[in-house]
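K.L.:
missing the sequence, but the structure's below:
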């Protein structure tokens, strides 16, 4: 019989994620703390914002903190993100052309 150790991140009594290592669980928990802080800040700064929208934005900023930090330092998108945006725009333009051709 095998014994497995699992680390579960629990927030407000709800299991969020299960990890095989404490390090991964701690990192995820820290990211959720950051998302919660962003959410609270959004709701303070923009009271008319719906809570679900603030939570979505807070989670996005927390998940993408490296990109956010880069933008704050340089006022530019990181090159990898710029490349993704260009590819996305190119795909969108090709889809529009295909629709018009049809």
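P.N.:
In hand now; what should we look at? What you see is a predicted model; the values in this text were computed from it and never measured.

K.L.:
ok, which stretches of this structure are strands?
P.N.:
7-11, 14-19 (DSSP state E).

K.L.:
Let me have those strands in CSV, extended by mean pLDDT, distance to residue 66 and mean neighbour count.
P.N.:
Glycine gets a C-beta too; all of them are placed from N, C-alpha and C. Output for the strands of the chain, formatted as CSV (pLDDT from 0 to 100; distance: least, Cβ to Cβ, whole Å; neighbours: other Cβ atoms under 10 Å):
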stretch, mean pLDDT, distance to residue 66, mean neighbour count
strand 7-11, 92, 21, 13
strand 14-19, 92, 20, 12
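
K.L.:
got CSV for those, with distance to residue 46 too?
P.N.:
Output for the strands of the chain, formatted as CSV (distance: least, Cβ to Cβ, whole Å):
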stretch, distance to residue 46
strand 7-11, 23
strand 14-19, 26
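
K.L.:
Residue 49: what's its closest spatial neighbour, skipping adjacent residues?
P.N.:
residue 42 (5.8 Å; Cβ to Cβ, 6 or more residues apart in numbering).

K.L.:
From residue 12, how far off is that neighbour?
P.N.:
According to Cβ to Cβ, to the nearest Å, residue 42 and residue 12 sit 19 Å apart.

K.L.:
Residue 44 too?
P.N.:
20 Å.

K.L.:
Next: residue 62.
P.N.:
17 Å.

K.L.:
And those two? Which one has more around it.
P.N.:
residue 62 (19 against 5; other Cβ atoms under 10 Å).

K.L.:
I'd assumed residue 34 was in contact with the more buried one.
P.N.:
Yes: proximity of residue 62 to residue 34 meets the contact threshold set by Cβ atoms under 8 Å, at 4.1 Å.
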